[in-house]
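Visitor: Turn this into a structure:
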Amino acid sequence: MKRLALSLAVLALLGGCDGKGPAATKPQAGDREAGKAFAERECKGCHGLDGKGIAPAIPHLAAQRERYLVAALTAYKEGRRTHAALKEIAAHMSAADARNLAAYYSSLPPVAAAAAPVKPVSPYEQGKALAAACAKCHGNDGNSTTAGIPSLAGQQPHYLVVAVQEYLNKERKAAPMHALLPGLRKRDFENLALYFASQTPAPRGKPPLGDPAAGEPLSAVCGGCHGSHGVSLDASTPILAGQDARYLVGAIKAYRTSREREMMRRYVAGLGEKDIQNIAAFYSTQASRPAERGQTLVKELADKCERCHGAQAPDNPEMAIPKIAGQDRDYLVMALRAYRDDRRESSMMHKMSLPYSDSIIESLASVYAGQPAK
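Guide: Numbering: from 1, shown residues only. As a prediction, this is how the structure comes out:
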């Protein structure tokens, strides 16, 4: 989920947005009738002769860009994409077969919109609904006012998900409210994390322990990961600025015993009680900010995707960029996860999609699946 710069120009979903290989040259014209005959023999069982995927997670090929289809088939043939059936078919497919098939499917009319259109679901709003159960301990919008209870407002989202998993795995000391966690799904945790990450941390007054001025020089080593004033820029590294001082003291001590972070353990082992209190006091007085903008995140991502995949985007002869409006939602989810997890080759798409949780991917896929195909 990190904004790494949350710029999923994202769904170059079906294929290479890196301009390499066949994607970088315009294919020769194909024979549509020959392509139709090939589709009749090999492709209609999954994609139909009309180019509509016959089941969820099977992409629609109708009206897809011809250059992109050739590039995708070549990627299967060369093993840069994995799919058992397609790999076998592509292995025996000539370059002319690929051009013909692409010419046929690209010439078909777009797949008609479903009677019940896909409705995007907001991960932020889902997280907000779940967050009500957390308010008793962590405060409204995640701003805790109880000593020893951490604030969640503005915290890095991936860190929050990891912390929850550590509580579930009994790697952290659990509180009574954590009994609610086993009833939640991973996507619930992601939605909660996005909601809390998007809240504005409230400033804190004078800490009840420690000396902030004495703690500042001691925090120098911490700044390499947590930022010079405790505002980390990495989704996996917690923000310390504005956190409850007593909670920070307890967390620092926990790295000596129950929390497993070797680098943290080696550093805190040499700190005395007063040092720990001073570091906690320093960070609790620092100004923080939201780590995310969950309220508008999906729209911002979709706007960025439009630069390459929108109706007005040029059909760039140097890049094989697919149309994705009206595409099957489950296929878009599967493809984007494959890019994120480095199971589909495209260095650009891997870098863009790496920060995104399943919840954000599914919401973004729903946005495009709900649009009319063009």
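Visitor: Break the protein down into its domains, please.
Guide: With domains defined by automatic domain parsing, the chain comprises 21-118+305-369, 123-284.
Visitor: Helix or strand: which one has R187?
Guide: Element membership of R187, judged by DSSP states H and E, is helix 186-197.
Visitor: typed the wrong thing, it's M334
Guide: helix 329-340.
Visitor: Q28 too?
Guide: Using DSSP H and E, Q28 maps to neither a helix nor a strand.
Visitor: pLDDT value on the closest residue to it other than its chain neighbours, please?
Guide: Once flanking residues are discounted, Q28 sits nearest to R99: 5.8 Å by C-beta to C-beta, 6 or more residues apart in numbering. To be clear about C-beta, it is placed using only N, CA and C from the backbone, and glycine gets the same treatment. Per-residue pLDDT puts R99 at 96.
Visitor: elements contacting the host helix or strand of R99?
Guide: Here R99 sits within helix 95-107, counting by DSSP H and E. Applying 3 or more C-beta pairs under 8 Å, 6 or more residues apart in numbering; DSSP states H and E, one finds that helix 95-107 makes contact with helix 32-42, helix 66-77.
Visitor: what is the orientation angle of that helix with helix 66-77?
Guide: Interaxial angle, helix 95-107 versus helix 66-77 (axes from the mean of the first three to the mean of the last three C-alpha atoms, to 10 degrees): 130 degrees.
Visitor: hmm, back to that, got a list of what the residue nearest to Q28 touches?
Guide: The contact partners of R99, by C-beta atoms under 8 Å, 6 or more residues apart in numbering, come to 27-31, 35, 70.
Visitor: among those, which ones are buried?
Guide: Buried residues within the contacts of R99, counting neighbours by 16 or more other C-beta atoms under 10 Å: 27, 30-31, 35, 70.
Visitor: Can you lay out the residues you listed as CSV showing distance to A91 and pLDDT?
Guide: Converted to CSV, those look like this (distance: C-beta to C-beta, whole Å; pLDDT from 0 to 100):
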residue, distance to A91, pLDDT
P27, 19, 50
G30, 19, 91
D31, 21, 95
G35, 18, 97
V70, 16, 95
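Visitor: of these, closest to G183?
Guide: For those, the minimum distance to G183 (C-beta to C-beta) is 48.3 Å, reached by V70.
Visitor: wait, isn't that closest one in contact with A98?
Guide: Yes - using C-beta atoms under 8 Å, V70 is in contact with A98, at 5.3 Å.
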